[in-house]
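Enquirer: here are the coordinates; sequence isn't available:
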């Protein structure tokens with residue numbers, strides 16, 4: 001299996017991911033491209049994450065531990081230990097489709113002028129049910145380069161990149177709380193070529209435990225700091241601390257769960273028109289946060305025709 005000289009490092013940070021990580025690991029081990037190491041950074045998990053990881057008997061799995069420092073620190077720790085020249089990012093609650101590594105490795109070795117490769121992804125809910133297929137806003141390098149700084153050009157767990165390029169740019173900035181990938185891209189892409197493959201290569205799971213919540217649930221101050229630092233390509237420790245303080249207050253299970261149901265509802269209206277499913281999710285969000293008026297508005301909008309909903313989204317976004 002070439003475990004001593006892997007061509008690709010699949011880099012997977014994990015924090016309290018016991019519920020999903022077994023399925024994620026299995027999807028990597030079943031890849032048609034076999035010359036890889038699966039480097040898992042256990043970011044101070046307090047559940048059975050490590051137990052699930054150790055239940056797999058495959059020499060390609062490498063487990064390293066750190067105290068809980070967050071995803072950016074876990075990724076930097078993993079990059080320092082990665083043995084392969086190419087990194088395939090992957091999250092502990094997602095699923096790799098069988099040919100993901102083969103397709104991206106063959107592309108980047110056939111076209112070495114590219115440093116970062118993403119792909120389309122299928123989004124699923126916490127139970128693994130398909131929600132919609134996401135196609136990035138830019139596919140060709142020229143399209144990606146023209147994207148506004150506020151648009152993240154890749155789904156992070158779909159990217160495949162040259163390790164040296166990220167290390168030469170200082171790795172992931174640990175002050176860019178929750179958008180360390182986006183901040184990295186705006187600093188790298190000015191000097192590197194990138195693309196997004198149009199085919200779906202992974203399944204991304206939306207779930208209440210995820211660190212990512214809908215941008216609409218962020219405070220105005222959080223969004224202001226985030227987009228100013230992306231625009232300027234610079235972030236200070238003080239700004240990072242403020243983001244962490246604001247974000248930390250929003251990561252109660254109740255807020256994350258409410259944001260999850262609201263996001264699923266939006267996707268069932270805008271990306272895969274199923275108003276009945278949207279309303280089921282909105283009822284859950286309303287029950288959790290009965291004082292949020294936007295939840296009621298979205299519920300009412302779900303009774304409108306698809307064409308009207310798409311028009312409303314365009315004029316209000």
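Expert: Thanks, I have the structure now. Every value quoted in this text rests on a predicted model; they were computed, and no experiment measured them. Numbering: from 1, shown residues only.
Enquirer: surely residue 54 touches residue 48?
Expert: No: counting by C-beta atoms under 8 Å, residue 54 sits too far from residue 48 to count as a contact (10.0 Å). For the C-beta atoms, the positions are set from N, CA and C on the backbone; glycine is no exception.
Enquirer: all the helices of the chain, residue numbers only.
Expert: 21-29, 49-54, 71-81, 100-110, 141-145, 163-168, 180-188, 220-232, 237-249, 253-270, 275-288, 293-301, 306-316 (DSSP state H).
Enquirer: so which of residue 54 and residue 48 has more stuff around it?
Expert: Neighbour count, other C-beta atoms under 10 Å: between residue 54 and residue 48, residue 48 has more, with 16 against 11.
Enquirer: what about the closest residue to that one other than its chain neighbours, distance to residue 74?
Expert: In this structure, residue 48 finds its nearest non-sequential neighbour in residue 18, 4.1 Å apart by C-beta to C-beta, 6 or more residues apart in numbering. Residue 18 sits 16 Å away from residue 74, going by C-beta to C-beta, to the nearest Å.
Enquirer: with residue 246 instead?
Expert: 21 Å.
Enquirer: next one: residue 222
Expert: Distance from residue 222 to residue 74, by C-beta to C-beta: 22 Å.
Enquirer: name the residue in these two with the higher neighbour count.
Expert: residue 74 (25 against 20).
Enquirer: tell me which residue lies nearest the centroid of this protein.
Expert: By C-alpha atoms, centre = their mean, the chain has its centre lying nearest to residue 156, at 4.3 Å.
Enquirer: what is the neighbour count of the closest residue to that one other than its chain neighbours?
Expert: Nearest non-adjacent residue to residue 156, counting by C-beta to C-beta, 6+ apart: residue 181, 4.2 Å away. When neighbours are defined as other C-beta under 10 Å, residue 181 has 21 of them.
Enquirer: quick revisit: ok, the residue nearest to residue 48 touching residue 51?
Expert: Yes: contact status for residue 18 versus residue 51: in contact at 7.3 Å, counting by C-beta under 8 Å.
Enquirer: those two: who's more crowded?
Expert: Comparing residue 18 with residue 51 by other C-beta under 10 Å, the one with more neighbours is residue 18, at 17 against 10.
Enquirer: so that one versus residue 55, what's the distance?
Expert: For residue 18 relative to residue 55 (C-beta to C-beta), the value is 11 Å.
Enquirer: list the contacts of the residue nearest to the centre of the chain.
Expert: By C-beta atoms under 8 Å, 6 or more residues apart in numbering, residue 156 lies in contact with 89, 91, 181.
Enquirer: do residue 283 as well
Expert: residue 299.
Enquirer: if I pick the nearest residue to residue 36 once chain neighbours are set aside, what's in contact with it?
Expert: Nearest residue to residue 36, sequence neighbours excluded (C-beta to C-beta, 6+ apart): residue 8, at 4.2 Å. With contact set as C-beta under 8 Å, 6+ apart, residue 8 has these partners: 33, 35, 36, 37, 84, 86, 87, 88, 101, 105, 160.
Enquirer: next one, pLDDT for residue 8 please.
Expert: Note on residue 8: pLDDT of 98.
Enquirer: what bridges to it?
Expert: residue 36, residue 86 (DSSP bridges).
Enquirer: any idea how far residue 100 is from it?
Expert: Distance from residue 8 to residue 100, by C-beta to C-beta: 10 Å.
Enquirer: find residues that contact each of these two.
Expert: Counting by C-beta under 8 Å, 6+ apart, the contacts common to residue 8 and residue 100 are residue 88.
Enquirer: right, and residue 101 touches residue 29 too?
Expert: No: between residue 101 and residue 29 no contact is recorded; they are 11.0 Å apart, counting by C-beta under 8 Å.
Enquirer: before we move on, the earlier item: list the contacts of the residue nearest to residue 156.
Expert: 152, 154, 156, 159, 172.
Enquirer: CSV for these, including distance to residue 298?
Expert: Shown next, in CSV, are the contacts of residue 181 (distance: C-beta to C-beta, whole Å):
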residue, distance to residue 298
152, 23
154, 27
156, 26
159, 31
172, 33
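Enquirer: okay, domains of the protein per the record?
Expert: Listed by automatic domain parsing, the domain ranges of the chain are 8-205, 252-317.
Enquirer: ok, of the ones you listed, where does mean pLDDT dip lowest?
Expert: Minimum mean pLDDT among the domains of the chain: domain 252-317, a mean of 92.
Enquirer: so how far is that one from its chain's centroid?
Expert: 21 Å (C-alpha atoms, centre = their mean, to the nearest Å).
Enquirer: again with stretch 144-154
Expert: For stretch 144-154, the distance to the chain centre is 15 Å (C-alpha atoms, centre = their mean).
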